[in-house]
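Asks: Below are the sequence and a predicted model for it; my questions follow.
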Amino acid sequence: MNKYFFRKHWLLTILFLLCGLIIVLTFFRQRINSNSTQKSKSEIVDDFDAKIIEKRENSILVEAFDYRKEILVSTKLLEEKETFSVGDIVNIGYNGLIEESDPLGVTALCIKKVRD
């Protein structure tokens, strides 16, 4: 065996190891990005006060005081189902994402009754 054969063999080995390292790093980067996206969906980023104007099975329709608009608030993710009545003033915590629909939509992460 000559020197050229061993040199070529080591270059191919290093090339395969670098390709494998790139693939592994890309995979972990995608996992990290997907975990941070999931985390941000469950963190309260913003809140607003509103008056409940209609109750539905998994949502409430409210009139937001700051925005002077009706917002449909999904209550699917709430762990504790507090009893709310039409006319209650509530504070709604959500992840900052607003669905641009008619009416606007948010997913509540917590709802606290401010007053009846």
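Replies: Arrived safely. Numbers count the residues shown, from 1 in each chain.
Asks: And this protein, what are its domain boundaries?
Replies: If you go by automatic domain parsing, the domain ranges for the chain are 2-40, 44-115.
Asks: Buried deepest among those, which one?
Replies: Per-stretch averages of neighbours, counted by mean count of other Cβ atoms under 10 Å, single out domain 44-115 among the domains of the chain, with a mean of 14. Placement of C-beta: from N, CA and C, glycine included.
Asks: picking up where we left off before, got CSV for the domains of the chain, with mean pLDDT too?
Replies: What follows is these, written out as CSV (pLDDT from 0 to 100):
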stretch, mean pLDDT
domain 2-40, 71
domain 44-115, 89
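Asks: ok now the longest strand seen in the chain, how far from the chain's centre?
Replies: When secondary structure is assigned using DSSP state E, the longest strand within the chain turns out to be strand 104-115. The offset between the C-alpha centroid of strand 104-115 and the centroid of the whole chain comes to 16 Å, using Cα atoms, centre = their mean, to the nearest Å.
Asks: just the helices in the protein please.
Replies: 3-41 (DSSP state H).
Asks: Which residue, other than its chain neighbours, is closest to Leu78?
Replies: With Cβ to Cβ, 6 or more residues apart in numbering as the criterion, Leu78 has its nearest non-adjacent residue at 6.1 Å, and that residue is Ala108.
Asks: who's in contact with the one you found?
Replies: Contacts for Ala108 (Cβ atoms under 8 Å, 6 or more residues apart in numbering) come out as 73-75, 77-78, 92-94.
Asks: Repeat that for Lys76.
Replies: 58-59, 107.
Asks: and those as CSV, adding distance to Asp88?
Replies: Conversion of those to CSV gives the following (distance: Cβ to Cβ, whole Å):
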residue, distance to Asp88
Asn58, 17
Ser59, 15
Thr107, 19
